[in-house]
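> okay, predicted coordinates and the sequence, questions at the end:
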Amino acid sequence: MLLKIENLHVSVEGTPILKGIDLELEAGRVDAIMGPNGSGKSTLAHVLAGRDNYEVTEGRILLGDEDLLAMSPEERAQAGVFLAFQYPVEIPGVSNVYFLKAAVNAMRKARGEEELDAMEFMKLTREKAKLVNLDESLTKRAVNQGFSGGEKKRNEIFQMAVLEPKLAILDETDSGLDIDAMRTVSDGVNALRSEERGMLVITHYQRLLRYIVPDRVHVLVDGRIVKSGDGSLAEWLEDTGYAELGSASV
Amino acid sequence: MANTSQQIDQVLRRDYDAGFVTDIEQDTVPPGLSEDVIRFISAKKNEPDWLVEWRLKAYRHWLTMDYPGWANVHHPPIDFQAISYYAAPKSSEDRPQSLDEVDPELLRTYEKLGIPLHEQEALAGVAVDAVFDSVSVATTFKDKLAEKGIIFCSLSEAVRDYPELVKQYMGSVVPYTDNFYATLNSAVFTEGSFVYVPKGVRCPMELSTYFRINAANTGQFERTLIIAEPGSYVSYLEGCTAPQRDENQLHAAVVELVAHEEADIKYSTVQNWYPGDENGKGGIYNHVTKRGLCEGRRSKISWTQVETGSAITWKYPSCVLKGDESVGEFYSVALTRGYQQADTGTKMIHLGKNTRSTIIAKGISAAHGSQTYRGLVRIGKRAENSHNYTQCDSLLIGDKCAAHTVPYVEVKNRSSKLEHEATTTRIGEDQLFYCRQRGLSEEDAVNLIVNGFCKEVFKELPMEFAVEAQALLGVSLEGAVG
């Protein structure tokens, strides 16, 4: 099992947000987590990536057979956890390729591998930019600075392509995108589906799942997974709405 | 967040590597300032009468001046009678004629600081003048420079060997009446470097002075004078360190640059004076007057500074753009952490027609550091079609530091153009988390972000100093080299 979440309870400043999540993800699978605003979707993404200020009060998370919660954010990244941010952050003066090279080499070093030299790295980024259809000029600009919403999201997918994670978490990757941008981003994600990789696609809307077709859909309402099913569950939700599934507001 | 900023503080709270004391026999005067002390200094250096008189005029003027209170720095009043105004290693009583005669303890000091004084071991392409407290201990590559007619020596030697040049230029850019600290310096200056580049000569190597304060309770008052004749070029680097001491020490220097027609002077500083401990005890009070005169048409003066040290920094490297079409530049990175305070910036005085100036100032404040950018752009009536571009950016790390920007602008004609941009940003939890999620350690993440912020300035530094700046800020050299 790639990822195993058991009875996960998480509070933020004393308020319980996640109230007992159980979830398993195998490598090669793409699962969607859907839910209304405030249901705890982004909290789950952040807890998996190791962000501060989320208090795990109960439960555990295993990545393979490692205790994910005992690891720092960078250790998780080095172990193959990748989060595509809902709001990618700008880093002025630091070029995208330089940033990625630092990231790739930090991870290679952590795994005891040789660092890539400039030539090898250029080759890698050129290849991956093509794969996710990213304009190569963007790789030379400062990280996310002056990028449009669509470019930022595409850049996240580009980073994912270069870093080749085991577990990719896509947090509201569709938010703020028009249909064309969403299609481009989805094509990138689909190009990165692989037998060695598991993905968690977090979204409010069903529309993204028309392009990134999930193996399973889990519906998160008020900190609990209230329903799981195959891809058709997303379509059912689109027709019926979250309200049918219980307590939370939509 | 509190947790994160503590972690960042730790990353930034590096030990001061240059804080050791060299145990060497010193020749000093007792603390205190009087005409006798000035005569003593002058006699020690066998100075001509005109120079003693010049010093005394400055001293008498200084006595009439008020202590300047306008800078945004706070410290107890400086007791100028408690400072010793002269300290020299004993062994230089009879100045060494070659490096072999220099006290080995001194050579080891510079080796420890990474400044090799033996020419065969020296960085290729850098000539060094090393100033230890009040005297110059060695100048390298002198002969090679002399072949091109370039003079690079200590100011004392220049007074002895080239009195006419010194007399003509000293005080011509920063007069002895200029300001409290410059006037004090004029009275008591003890050493410094002198550079003269003849007409049409491009100086083939970087010239560098390395200042070191060692003795306790002394001030360092050096004076540097650089003259670039028409069509010449010189790049000059200045580095500074001091031992870790609990008492505050005063450093009040004066630097004067003169660029004649189509001459080009590039002056870079990496200032790493002891900043005091983490509670704000000790550290150097750094009050420096640096000014360049673009005397001739199409001359150019460029200041680049990386300021990481000193408890107090008070410094405004400036350009007087007198020649038509002359160019002034100021690139600055200043880091304040612990309880450091910096009030720094520049003055661009446009007098000639079609003059241009650029100011890029980057301030980084961490922990309890306080930082003020203070800049003046003055465009005179005659300075038609002049242009200034100013950009001031502040980066805050943590929530106890401060950044201020105080730009002054005076324009006396209608054809000139000024642009001013300013930003203040904070290294946020968001940026750090983003970097860590991509596998970078927190320390690497801070370095990466700070380095990105400073990039526009680092790329102006000569290679050798870019490396030193990297070591100092603990940043990687992204994009600045190669």
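Thanks, I have the structure now.

> any residues of chain A in contact with chain B? List them.
By the rule C-beta under 8 Å from any C-beta of the partner chain, the part of chain A lying against chain B is A:49-53, A:72-74, A:76-78, A:82-83, A:85, A:87-95, A:98-100, A:102-104, A:106-107, A:110, A:142, A:159, A:163. All C-beta spots, glycine's among them, are computed from the backbone N, C-alpha and C.

> just these: which are in strands?
Among these, the ones falling in strands (DSSP state E) are A:F82, A:L83, A:I91, A:P92, A:G93, A:V94, A:S95, A:A142.

> for the residues you listed, which one is nearest B:V288?
For those, the minimum distance to B:V288 (C-beta to C-beta) is 27.6 Å, reached by A:G93.

> which one is the closest one nearest to, not counting chain neighbours?
Counting by C-beta to C-beta, 6 or more residues apart in numbering or on different chains, B:G452 is the residue found nearest to A:G93 once chain neighbours are left out, at 3.1 Å.

> and B:Y285, by the same measure?
Here the residue nearest B:Y285, using C-beta to C-beta, 6+ apart, is B:I312, at 4.5 Å.

> for that neighbour, phi and psi?
For B:I312, the backbone dihedrals (degrees, to the nearest 10) come out as phi -130, psi 130.

> pretty sure B:C435 is touching B:I449, no?
Yes: here B:C435 lies in contact with B:I449, judged by C-beta atoms under 8 Å, at a distance of 7.4 Å.

> quick one: which of those two has more around it?
B:C435 (29 against 26; other C-beta atoms under 10 Å in any protein chain shown).

> beta-bridge partners for the residue nearest to B:Y285, please?
Residues found in beta-bridge contact with B:I312 (criterion: DSSP bridges) are B:Y285, B:Q341.

> and the helices in the chain?
Assuming you mean chain A. With DSSP state H as the criterion, chain A has helices at A:41-49, A:73-78, A:96-110, A:118-131, A:136-140, A:149-163, A:179-191, A:208-211, A:232-240.

> my bad, the chain I had in mind was chain B
Counting by DSSP H, the helices of chain B are B:2-12, B:35-44, B:49-63, B:104-112, B:142-147, B:155-161, B:163-169, B:180-188, B:429-437, B:442-458, B:463-473.

> return the most buried member of those.
Mean neighbour count, computed with mean count of other C-beta atoms under 10 Å in any protein chain shown, is highest for helix B:180-188 among the helices of chain B, reaching a mean of 25.

> elements contacting that helix?
Packed against helix B:180-188 by the contact rule (3 or more C-beta pairs under 8 Å, 6 or more residues apart in numbering or on different chains; DSSP states H and E) you find helix B:35-44, helix B:49-63, strand B:254-259, strand B:283-294.

> tabulate the ones you listed (CSV), appending mean pLDDT.
CSV is the format used below for these (pLDDT from 0 to 100):
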stretch, mean pLDDT
helix B:35-44, 88
helix B:49-63, 94
strand B:254-259, 96
strand B:283-294, 89
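
> on that earlier part again, overlap in contacts, B:C435 and B:I449.
With contacts taken as C-beta atoms under 8 Å, 6 or more residues apart in numbering or on different chains, B:C435 and B:I449 have A:I91 as neighbours in common.

> what's near enough to touch A:L245?
A:V219, A:V221, A:V226, A:K227.

> what's the pLDDT at it?
pLDDT, A:L245: 72.

> what's the closest non-adjacent residue to it?
Nearest one to A:L245, counting by C-beta to C-beta, 6+ apart, is A:V226 at 5.0 Å.
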